[in-house]
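S.K.: take this sequence and fold it.
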Amino acid sequence: MKKLMNITPSKPLTIFLSLLPFIVIFFVYWTASAERLAENPNDKLLPSFSQIYNAVDRLAFTENKRTGEYLFWQDTSASLYRIGMGISISALSGLLIGILTGLIPLARSGFSPLITVLSLIPPMAILPILFISFGLGELAKVMLIIIGTAPVMMRDMQSCVRQLPAEQLIKAQTLGASTWLVSLRVILPQILPRLLASMRLSLGAAWLFLIAAEAIAAQEGLGYRIFLVRRYMSMDVIFPYVIWITLLAFLMDYLLRKTSEKAFPWYHSIESSK
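M.R.: Numbering: from 1, shown residues only. Prediction:
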């Protein structure tokens with residue numbers, strides 16, 4: 001008899017097991033919502049699926065009478081721009097500083113302690129400072145994402161560079177490669193897949209910082225809309241927005257993973273063999 005730890009489910013069973021928790025959540029919510037609405041038709045805590053559908057239709061597919069825009073897509077565009085800018089700048093700075101401090105001992109001695117300290121500062125604690133320093137515009141929101149994710153990426157890239165076999169660097173120098181050439185031809189190709197993995201791991205924190213910034217000071221955005229309607233207990237709006245944010249985060253993670261698999265198949269073959 002096989003031990004439980006050695007049983008691998010078939011593909012149909014894997015699909016069923018992956019969908020089962022969502023099906024259970026769906027029916028639990030449907031049952032609880034029906035019971036609450038039966039007792040109080042004006043209950044807002046657990047809106048029915050028809051109420052959620054009407055809210056989505058109103059926000060995503062009906063023009064706002066005041067602005068003539070579709071609020072749902074306007075919020076989505078604003079949030080995606082902010083998180084895209086923040087994650088991109090964090091990734092670029094993490095790559096450059098990580099290579100610099102990982103390869104050059106002088107740079108590591110000078111910058112590594114500072115990067116460590118920055119990575120330990122709670123970004124939410126300095127949110128008021130960012131708004132005072134950069135105002136209430138886009139810069140403060142993007143800076144919060146950068147401050148919250150860039151130092152972690154820098155440390156990750158530095159660690160990745162330092163873990164590369166020393167023999168590779170020695171052989172490259174023996175063949176006459178300069179520090180710049182070693183960085184470009186030896187180090188960069190090997191840490192790019194790790195950079196994409198680091199971006200994937202930072203997505204959750206980036207969305208958290210974005211929503212917090214939008215909730216405090218914004219005129220549009222997914223986080224702004226959620227905190228705007230919470231005072232009215234509009235759960236029929238909040239639930240779709242939370243689900244949409246989760247879906248966007250999942251799609252971003254999926255695209256980064258697929259990009260890494262297509263561009264660096266050797267890296268994933270090594271990972272799967274471990």
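S.K.: how much space between Ile211 and Pro113?
M.R.: 31 Å (CB to CB, to the nearest Å). (Glycine included, C-beta is placed from N, CA and C.)
S.K.: more neighbours, these two?
M.R.: Ile211 (22 against 10; other CB atoms under 10 Å).
S.K.: per-residue confidence for the more buried one?
M.R.: Predicted confidence (pLDDT) for Ile211: 93.
S.K.: now do the SS call for it.
M.R.: helix (DSSP: H, G, I helix; E, B strand; the rest coil).
S.K.: now it: closest residue in space, sequence neighbours ignored.
M.R.: Distance criterion CB to CB, 6 or more residues apart in numbering; nearest residue to Ile211, sequence neighbours excluded, is Gly223 at 3.4 Å.
S.K.: please, which helix or strand holds that neighbour?
M.R.: Element membership for Gly223 (DSSP states H and E) is helix 222-229.
S.K.: with Ala177 instead?
M.R.: Per DSSP H and E, there is no helix or strand for Ala177.
S.K.: hang on, it packs against Arg185?
M.R.: Yes. Using CB atoms under 8 Å, Ala177 is in contact with Arg185, at 7.0 Å.
S.K.: who has more neighbours out of the two?
M.R.: Each of Ala177 and Arg185 has its neighbours counted (other CB under 10 Å); Ala177 has more, 16 against 11.
S.K.: contacting residues around the more buried one?
M.R.: Ala177 makes contacts with Arg185, Val186, as judged by CB atoms under 8 Å, 6 or more residues apart in numbering.
S.K.: 10 Å - rerun?
M.R.: Taking CB atoms under 10 Å, 6 or more residues apart in numbering, we find Ala177 in contact with Leu169, Lys171, Ser183, Leu184, Arg185, Val186.
S.K.: buried ones among these?
M.R.: For these, a neighbour count by 16 or more other CB atoms under 10 Å gives the buried set as Leu169, Ser183, Val186.
S.K.: out of everything not next to it in sequence, what's closest to Ser48?
M.R.: Nearest residue to Ser48, sequence neighbours excluded (CB to CB, 6+ apart): Ser33, at 5.5 Å.
S.K.: Asn42 and Arg36: what is the separation?
M.R.: Using CB to CB, Asn42 is found at 10 Å from Arg36.
S.K.: mind checking which of these two has more residues around it?
M.R.: Higher neighbour count among Asn42 and Arg36: Arg36, with 16 against 5, using other CB under 10 Å.
S.K.: where does the more buried one fall, phi/psi-wise?
M.R.: phi -70, psi -40 (degrees, to the nearest 10).
S.K.: cool, and Lys3?
M.R.: Residue torsions, per degrees, to the nearest 10, at Lys3 are phi -70, psi 150.
S.K.: need the buried ones among the contacts of Ala177 in JSON lines with pLDDT, can you?
M.R.: Formatted as JSON lines, the buried ones among the contacts of Ala177 follow (pLDDT from 0 to 100):
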{"residue": "Leu169", "pLDDT": "90"}
{"residue": "Ser183", "pLDDT": "93"}
{"residue": "Val186", "pLDDT": "92"}
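S.K.: could you dump these to CSV with secondary structure and distance to Phe16?
M.R.: Below are these laid out as CSV (DSSP: H, G, I helix; E, B strand; the rest coil; distance: CB to CB, whole Å):
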residue, secondary structure, distance to Phe16
Leu169, helix, 49
Ser183, helix, 48
Val186, helix, 46
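S.K.: which of these lies closest to Met124?
M.R.: Within the buried ones among the contacts of Ala177, the smallest distance to Met124 is 34.6 Å, found for Ser183 (CB to CB).
S.K.: and the helices in the protein, which stretches?
M.R.: Ranges of helices in the chain, per DSSP state H, are 11-39, 49-60, 71-103, 105-120, 127-134, 138-162, 166-174, 179-181, 188-216, 222-229, 235-263, 265-273.
S.K.: and the pLDDT for Pro12?
M.R.: pLDDT recorded at Pro12 is 90.
S.K.: from Ser18, how far out is it?
M.R.: For Pro12, the distance to Ser18 - CB to CB - is 11 Å.
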